[in-house]
Structure formats: structure tokens, C-alpha cells
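Dropping a prediction and its sequence here:
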Amino acid sequence: MKTDVLLRIIGSCRTLEESAARVYEALATGAGGAPGSLWRRLADDETGYVRYWSALEVVIRDSGSPHLFDWPFSVDDDLRARAALAARLQAPAPGDVRAAFAAAARVELLRLHPAVVALLQYGNDLGGMIGLDSPVEAIGAHLGALVEGLDEQAGPGPERELLGQALLELWRELRRNASLGTTDALTGLLNRRGLLGAAEVLAYLGRRQDTRLAVLVVGVDHLKEVNDRHGEPAGDAVLRGVAALLERGLRRSDVLGRTGGDEFTVVALTPTDTPDVDVTRLAEKLRQAVAGAVWPEAPVTVSVGATYGKLGGATARDLNELLVAADENLYRAKHKGRNVVVVSERP
């Protein structure tokens, strides 16, 4: 996906938020009491959302463009059209409460687009890794405040009730779809697609910082035997438990995902001069965390294959080579007897 197209998409998202902030600021200026407090709160929310899009733009400029949309040019056209409509929205005259809420509903409907929510979710997935503060968790409360204000201040009515429900349900559905695209339903971790998208950003950052990137593939030993002896619910519980232990043993800047039936992948930067020691220490830490835990049915262990190396100009290719090498080392670890770590440097 070309970076300039994604940057245009992000620019349209920012314009949508700027337009919403402008409308809410105008509504707050002409209102007092409870309506004025509501509009001021929503305007402040939108100002924060604008900052998010500006921060995401910096990340994409620095790190390159992940593949987020199958049809990016169509997304670009659609969002630019929405941004143009939002930019023309005007706040109604002060005192017209129903018209004020109608304007607010229009601007919110324009910004509730699948691509907008996908980019909010993407930023949320990257948040701990690079300190990007996505407002995706806060927007539900933002919309809830608008709907509550609609109920309290615009008076009862089936049309207004239906509008409020539609706004909230649209947000929930868009959020649900965005999460399904990058999240593993069983463990709540990133799935393979989500991990690869986040890893691309980390890889680009590693290349710019001239540091090494480490990839660890963690495989649960004998998971099939757990399923056969104790049933699939027991196997699912093992996977959730391993996911929690791995997550607890990593830094916020590390990327973790479930990338196969019994496999998890970790991608991390290794900025020190002893990457072999650091990667081995991390792999052993994760292995020991699982082996030392108390399991209800039977002991659980993992094998870990890891590799590390500096990235060249072909970042995506180099990242793929690290993923392949780590997977090969996992195969070696399993053939060494399992509950073993194998680490090597990519040539």
C-alpha cells in the first residue's frame, strides 16, 4: 500500500474530526447550562482526536505504510467526499436544541466509517509499542454522552430514540468488525494479520534507529495430546493461559500475537550491543514462565525458536526472512526434545 494514499486517508480522518470540533465549539459558544457543558465536552473530545490523527501521520511518515485496506483508492475517495461534506456543516442558530442535535448527529455519522475505525483500532494495537494513544476506547463514551444529551434535552420521541440507538449500534458494529480483522478471538491477542501489520511498523522503526529486530516463535508442546485426553475446552484454556503468561513477560513495546493453532510470535527491538544474550534471556524467561506455572490438568511447556538481525533497505523482505528463520529454529527446538530454546543470528 502506497504511503501517500494512506497519508491522504489519514488527512481526511483528521479533517472529519476538525469539522466536528468546529461544529461543537460553535454549539458551545451559543449555549449555557447543561447543553453548553455537553457541547464543550464533545468539542474537547474532538480536539484530542485531531491530535491522534496528527500523531498517526507522523508514525506512518517515519515507518512506512502497512497493508490495511484492500482497496485504498476507493477508501481515499470515499473519505475525501465525507470530509468535504463535513467541512461545509454549519452550527444552527443558538437556542434551537433539536437542530443542534441534528447537526451533531450528521457530523458523527460522517465520521463513523469502517476505514476510520480500522485506523483507530490499528493505532490501539500499536499503542503500547510506540506510545500512540488511540481514542478508540473513548469514542463509545463520547457517543453515549451525545445520545444521553439527546434524550434529556431534545425531549422524548421515537425518532430521536431511534437515531441514538442507530449511532451507538453503528459504532459497536464497526468496532466489532475492526477488532475481528486483527484480533484472535480465543486469546484476545493480535492474530497473524494484526501482528504482521504491527511488526512492519516496528521493523521500519528498527531500521531507522539502526538497531536489530528479534523474532521469537513460541510453540505449545503436545497441545494435541491435551485436546485428546481432556477435550478441546482444556486445550483452549491452555492457549489462553500461555497467552497471558507471555504477555506478562514482555515489554509494552514488544509485539505479541497468536499466529497459528499452537504458536505465538513475538517481535521486539534489541537496541543493546549483546543481542544474542538479550534474545536468549527473553526466550528463556518466556519458556520458564510457562514451565513454572501451575496447570490444572497436566504440566504445560513451550519450545521457542528465535532469531535476530539488522534490517536493510528491503524491510518487508528482511522481516519475512526473520519470521521464517525463527520458525525453523522452533522446529529444531521441538526436535531437541521440546521445552527448549534455539536462538541464532540471521546471516
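Cool, the structure landed.

Pull the residues that contact the host helix or strand of residue 282.
Assessed by DSSP states H and E, residue 282 sits inside helix 275-291. In this structure, residues lying in contact with helix 275-291 by C-beta atoms under 8 Å, 6 or more residues apart in numbering are 212, 214, 216, 218, 242, 245-246, 248-250, 266, 268, 270, 272, 299-304, 306-308, 339-341, 343, 345. C-beta coordinates here come from the backbone N, C-alpha and C atoms, glycine included.

Could you pick out which of those are located in helices?
Using DSSP state H, the subset of these located in helices is 242, 245-246, 248.

Would you list the buried entries among these?
Buried members of these, counted by 16 or more other C-beta atoms under 10 Å: 242, 245-246.

Identify, from those, the entry nearest to residue 132.
Lowest distance from residue 132 to those (C-beta to C-beta) belongs to residue 246, with 22.0 Å.

The closest one contacts residue 256, correct?
Yes: counting by C-beta atoms under 8 Å, residue 246 does reach residue 256; the two are 5.9 Å apart.

Closest one of the buried ones among the ones in helices among the contacts of helix 275-291 to residue 199?
Nearest member of those to residue 199, counting by C-beta to C-beta, is residue 246, at 15.5 Å.

where does the closest one sit relative to residue 31, distance-wise?
Distance of residue 246 to residue 31, computed by C-beta to C-beta, to the nearest Å: 50 Å.

Can you verify my assumption that residue 215 contacts residue 322?
Yes: using C-beta under 8 Å, residue 215 makes contact with residue 322 at a distance of 4.4 Å.

Overlap in contacts, the two.
Both residue 215 and residue 322 are contacted by 307-308, under the criterion C-beta under 8 Å, 6+ apart.

When these two are compared, which one has more neighbours?
When residue 215 and residue 322 are compared for neighbours, residue 215 comes out ahead with 28 against 23, by other C-beta atoms under 10 Å.

What ranges does the stretch 1-150 of the chain have for its helices?
Applying DSSP state H, counting those that start in this stretch to the stretch 1-150 of the chain gives helices spanning 3-29, 33-63, 72-87, 97-111, 114-130, 139-153.

right, and residue 13 touches residue 114 too?
No: judged on C-beta under 8 Å, residue 13 makes no contact with residue 114 at a distance of 11.9 Å.

Which one of these two is surrounded by more residues?
A side-by-side neighbour count of residue 13 and residue 114, using other C-beta under 10 Å, places residue 13 first with 25 against 15.

Report the separation between the more buried one and residue 21.
Separation of residue 13 from residue 21 (C-beta to C-beta) stands at 13 Å.

what's the answer for residue 44, then?
Residue 44 is 9 Å from residue 21, by C-beta to C-beta.

One more: residue 97?
20 Å.

again with residue 48
Applying C-beta to C-beta, the value for residue 48 to residue 21 is 9 Å.

When the two are compared, which one has more neighbours?
Neighbours were counted for residue 48 and for residue 21 using other C-beta under 10 Å; residue 21 has more, 20 against 14.

need the contact list for the closest residue in space to the more buried one that isn't next to it in sequence.
In space, and not counting its chain neighbours, residue 21 is closest to residue 46: 3.6 Å by C-beta to C-beta, 6 or more residues apart in numbering. The contact partners of residue 46, by C-beta under 8 Å, 6+ apart, come to 17-18, 20-21, 24.

Over to residue 75?
The contact partners of residue 75, taken as C-beta under 8 Å, 6+ apart, are 9, 69, 115.

doesn't residue 76 make contact with the first one?
What it means is residue 9. Yes: proximity of residue 9 to residue 76 meets the contact threshold set by C-beta under 8 Å, at 5.3 Å.

residue ranges with poor pLDDT in the stretch 1-150 of the chain?
1, 63-65, 127-131 (pLDDT under 70).

how about a cut-off of 80?
Flagging of the stretch 1-150 of the chain using pLDDT under 80 yields the residue ranges 1-3, 30-32, 62-68, 70, 94-95, 125-132.

Could you chop this structure up by domain?
What automatic domain parsing lists as the domains of the chain is 3-182, 192-345.

re the thing from before, would you mind giving the helices of the stretch 1-150 of the chain as a markdown table with distance to residue 237 added?
Shown next, in a markdown table, are the helices of the stretch 1-150 of the chain (distance: least, C-beta to C-beta, whole Å):
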| stretch | distance to residue 237 |
| --- | --- |
| helix 3-29 | 39 |
| helix 33-63 | 36 |
| helix 72-87 | 39 |
| helix 97-111 | 40 |
| helix 114-130 | 25 |
| helix 139-153 | 30 |
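
Out of the ones you listed, which gets nearest to residue 199?
helix 114-130 (9.6 Å).

relative to helix 33-63, how tilted is the closest one?
Here helix 114-130 runs at an angle of 70 degrees relative to helix 33-63 (axes from the mean of the first three to the mean of the last three C-alpha atoms, to 10 degrees).

Show me what helix 114-130 is packed against.
For helix 114-130, the contact count by 3 or more C-beta pairs under 8 Å, 6 or more residues apart in numbering; DSSP states H and E identifies helix 3-29, helix 33-63, helix 72-87, helix 158-182, helix 192-208 as packing neighbours.

The shortest one to helix 114-130, inter-axis angle?
Helix 72-87 and helix 114-130 are oriented at 100 degrees to each other (the same axes, to 10 degrees).

okay, now residue 324: neighbour count?
Look at residue 324: counted by other C-beta under 10 Å, it has 14 neighbours.

What distance do you get for it to residue 339?
23 Å.
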